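A.B. asks: Just a sequence and a predicted model for now, questions to come.
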Amino acid sequence: MAPITTASNETNHQALLDKLDIAKIQKPFRNPNFKAPQRRNKSVKQILSDASRREASLLTTQNNSGASTPMPVTPTEAGSLHPNPAQASQDLSRLVLEKNQKAAQTGPSVTYTSIAAAPSTRPKKRYCDITGLPAPYRDSKTGLYYHNKEVYAVIRGLSTAQIQEYLALRGAATVLK
């Protein structure tokens, strides 16, 4: 703090504060043309919500466009459409059945909700037959999977009947005759 003297007044204090102000010191290490980037990283949630909004806006513009407006149908073009509501509902159900048959002829479509999907191409995960932990190793003599060397020592001490029981639990039992 500045010493207080008899000659001290407000202008002297302000001059001293301006002299000691760190914000006014030139900083040669800072680039005067630097601008912080305006773009920031987005989370997955933000990306998905933006994409769904974009799709929704495209659908509303397509629904409001003239391309989706049905053309007027004359009775000769409509085939067997009738003004009678009962007959019209029968025609509609016939059209739906025809559309479903065409879809069935092209083959089943696989979606996340359909059960008719191909089996996985990834290899099956292997677990230790003794401990249930992930098994990076397999004993070539017995065929048992094991987690580490301590479990391997236990496997070496098992009898043939015990080994067959462990293999039967996993569904890999071999019947020796």
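C.D. replies: Sure, I can see it.
A.B. asks: make it CA atoms for all contacts and neighbour counts henceforth
C.D. replies: Will do.
A.B. asks: Ala172 in helix, strand or coil?
C.D. replies: Here Ala172 is recorded as coil under DSSP: H, G, I helix; E, B strand; the rest coil.
A.B. asks: in the chain, which spans are helices?
C.D. replies: Ranges of helices in the chain, per DSSP state H, are 10-20, 44-64, 75-78, 85-106, 149-156, 160-170.
A.B. asks: Quick check, pLDDT for the spatially most central residue of the chain.
C.D. replies: Ranked by distance to the mean C-alpha position of the chain (Cα atoms, centre = their mean), the top residue is Val44 at 8.4 Å. At Val44, the model reports a pLDDT of 82.
A.B. asks: What's the separation between Leu169 and Cys128?
C.D. replies: 12 Å (Cα to Cα, to the nearest Å).
A.B. asks: Show the pLDDT at Ala68.
C.D. replies: Not Ala; residue 68 is Ser. On pLDDT, Ser68 comes in at 48.
A.B. asks: Roughly how far does Leu92 sit from Asn100?
C.D. replies: 12 Å.
A.B. asks: do Lys141 as well
C.D. replies: Counting by Cα to Cα - Lys141 and Asn100 are separated by 56 Å.
A.B. asks: These two: which has the busier surroundings?
C.D. replies: Counted by other Cα atoms under 10 Å, Lys141 and Asn100 do not tie: Asn100 has more neighbours, with 11 against 7.
A.B. asks: Could you check how many residues crowd around Gln164?
C.D. replies: Gln164 is flanked by 20 other residues according to other Cα under 10 Å.
A.B. asks: what do you get for Asp129?
C.D. replies: Neighbours around Asp129, by other Cα under 10 Å: 22.
A.B. asks: I'd say it and Thr142 touch.
C.D. replies: No. Assessed by Cα atoms under 8 Å, Asp129 is found out of contact with Thr142, at 11.3 Å.
A.B. asks: intersection of neighbour lists for the two?
C.D. replies: Between them, Asp129 and Thr142 share no contacting residue under Cα atoms under 8 Å, 6 or more residues apart in numbering.
A.B. asks: so what's the closest residue to Arg170 other than its chain neighbours scoring on pLDDT?
C.D. replies: Nearest in space to Arg170, with sequence neighbours left out and distances taken as Cα to Cα, 6 or more residues apart in numbering, is Asp129 at 7.5 Å. Looking at Asp129, its pLDDT reads 92.
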